[in-house]
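**Student:** Sequence first, predicted model second:
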Amino acid sequence: MFPLLRGWSAQKTDKLFFLTAKTSGRAIALEALERFGPPAPALRILELTAREKICEYPGRACHGDACPLARGFYDRLPAARSEAATVQRLTGDALRGIARTHGVCPYFLSQEMVRWSDVVVADYNHWFDSSAFLYALARQEEWRVAVLVDEAHNLLERARAMYSATLDAGALESAHAAAPAGLRPALARVRREWRTLQQAQPAAYTPHDQVPEGLQQALQDATVALAEHFAAAPQEAGGPLQRFFFDALQFVRLANALDVHSVFESQQPSADESCTLTVRNLVPAPFLRPRFAASMSTACFSGTIAPFPFYRDMLGLPEDAVELDVGSPFHAAQLEVRVASALSTRYRDRGRALRPLVDRVAAQFAQRPGNYLAFFGSFEFLEAARTLFARCHPGIPNWTQTAQMPEAERSAFVARFRAGGQGVGFAVLGGAFGEGIDLPGDRLIGAFIASLGLPRHDERHELMRERLDRRFGQGTGYAYTYLYPGLRKVVQAAGRVIRTEQDAGVLHLLDDRFDQAEVRALLPAWWRIDPDSGSGH
């Protein structure tokens, strides 16, 4: 932020948008702004919070018949806006307090205050989404905006989600049941076209290059009918009918823009899949490119945004985008990196790998007792290893991540890593504990990574690999679909060990593939891997 603020006048900047993937990222940005000191307090700073997190009446529609804060909103807005304009740091809590005082919606008050703010701290979607508020407002007002994209490696998956859409058969049935008589024929036609598609598909999961014309037209007609219905009867907004309307609207938009960057998928009911239709984005670059062009400057930064050509291709960064690889503040002596060259954690080998793997964890703990994290490629692999570890080494405390872990249990998991503590936490690679947690000093002195983190080989990923091969060149698809995303998760997880320039620890890479030159090239340059540490024992 500092160089952008320093060059504010010279570059004739109107706004600075600091965009993050997570709430914790917004907190860090706000803390950084606090540290600038004079004359930085003259900056007017606004935090945009998601509607569902700041809404005073969740579940109600945003109109005067359903929400008391919407009734007469514009009558009370001037006074609320005037008070908010006197507050230099409009965090979510500050906005909510002002909104309550004046009886207005805090979410829409925050949007109104963008015009009176210099720095806006917000989620990615406020700029990059198809209906992004900040992007639309900046273009309308012709602002010169500088954009900072925090933890930019997260933008790829978030953008794929922004430009994907799914329709669920159960949601269609609920909408049809809730619809008034005049709307049911349009929804029934969608249902008929959907069934026709499924009856013709050869397998439970079937990808297509296009949405069938009949289905697309039926959905288009249904969204028009639903829009007219809600315009005439806004008090009926909410419930399954409105939810299906929004889902169908997004689906139709993306179906109309369907190209080689996306695929249309039809999924019939199966043991672990519901009946769905999806426009799934594979390469968000065509959608993001206009967002980069709309800013006077965009900086995408991350500790793991490598290799750069991968993110340039997938995100749609300009060909002349500048790459800056900043040297690490850490040095090789801080982290002892060991590779188990005789150990394979490939799916077919995991049964044989379990015992030497858990024995290696126990041996490291015996050598230097303390707090460790052990990462695995799936919950199934994690649970098998944890169960065997507990049976073979009952004297070592251990705790484990579970699927769908509630927030309170996540906090308790992290709290177990207390200063001076001892034990092993078992976690899934790429999950909640693989990035974003800070355990400096002896709160964490080592990690074990029993996987390359490669996405599983299934029909969807293989389709992506083939599409990316065609788009970016033969052989690129494997690296872009499997290798680069997998190794990013490895580096993120390993990064939990060394958090400050005073930390020291050990990292065990538990797979022989970490000895491959192609894999080594994707690991941080400051790591020094001991060539003699390749024992699988």
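**Tutor:** Arrived safely.
**Student:** helix/strand/coil for A188?
**Tutor:** helix (DSSP: H, G, I helix; E, B strand; the rest coil).
**Student:** Distance-wise, check it relative to A218.
**Tutor:** 9 Å (CB to CB, to the nearest Å). In short, each C-beta sits where N, CA and C put it, glycine included.
**Student:** Tell me the spatial nearest neighbour of Y107, not counting adjacent residues.
**Tutor:** Using CB to CB, 6 or more residues apart in numbering and skipping residues adjacent in sequence, the residue nearest Y107 is R51, 4.7 Å away.
**Student:** contacting residues for W143?
**Tutor:** Residues in contact with W143 (CB atoms under 8 Å, 6 or more residues apart in numbering) are D14, K15, L137.
**Student:** So A188 and A218 - more neighbours on which side?
**Tutor:** A218 (21 against 15; other CB atoms under 10 Å).
**Student:** Let me see the contact set for that one.
**Tutor:** By CB under 8 Å, 6+ apart, the neighbours of A218 are A186, R189, V190, R192, E193.
**Student:** Most neighbours out of these, which is it?
**Tutor:** Going by other CB under 10 Å, V190 tops the contacts of A218 with 25 neighbours.
**Student:** Quick one, which of the contacts of W143 are buried?
**Tutor:** K15, L137 (16 or more other CB atoms under 10 Å).
**Student:** Is it possible to get a markdown table of the contacts of W143 that adds distance to A29?
**Tutor:** Converted to a markdown table, those look like this (distance: CB to CB, whole Å):
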| residue | distance to A29 |
| --- | --- |
| D14 | 19 |
| K15 | 14 |
| L137 | 20 |
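**Student:** For V414, state which of the contacts of W143 is nearest.
**Tutor:** Of all those, V414 sits closest to K15, with 35.2 Å by CB to CB.
**Student:** how much space between the closest one and L109?
**Tutor:** From K15 to L109 the distance is 18 Å (CB to CB).
**Student:** Local confidence estimate at the residue nearest to Y107?
**Tutor:** Here the pLDDT value assigned to R51 is 86.
**Student:** So what does it have for phi and psi?
**Tutor:** phi -60, psi -40 (degrees, to the nearest 10).
**Student:** Likewise for K489?
**Tutor:** Residue torsions, per degrees, to the nearest 10, at K489 are phi -60, psi -40.
**Student:** Y57 too?
**Tutor:** In terms of degrees, to the nearest 10, the main-chain angles of Y57 are phi -130, psi 70.
**Student:** Give me the neighbour count for it.
**Tutor:** 13.
**Student:** Could I get the contacting residues of it?
**Tutor:** A66, C67, P68, L69.
**Student:** The first one touches G239, doesn't it?
**Tutor:** No - counting by CB atoms under 8 Å, no contact exists between A66 and G239, whose distance comes to 11.1 Å.
**Student:** Give me the distance between the two termini of stretch 83-101.
**Tutor:** With CA to CA, to the nearest Å as the measure, the ends of stretch 83-101 fall 10 Å from one another.
**Student:** And it, what's buried?
**Tutor:** Buried, per 16+ other CB under 10 Å, within stretch 83-101: A84, V87, L90, T91, G92, A94, L95, R96, I98, A99.
**Student:** With stretch 233-247 instead?
**Tutor:** Buried, per 16+ other CB under 10 Å, within stretch 233-247: E236, A237, G238, P240, L241, Q242, F244, F245, D247.
**Student:** same check, this time on stretch 410-419
**Tutor:** R410, F413, F417.
**Student:** Among those residues, pick out the one closest to A42, please.
**Tutor:** Out of the buried residues of stretch 410-419, the member with the shortest distance to A42 (by CB to CB) is R410, at 38.5 Å.
**Student:** Just confirm that closest one is within a helix.
**Tutor:** Yes - membership of R410 in a helix is supported by three-state DSSP.
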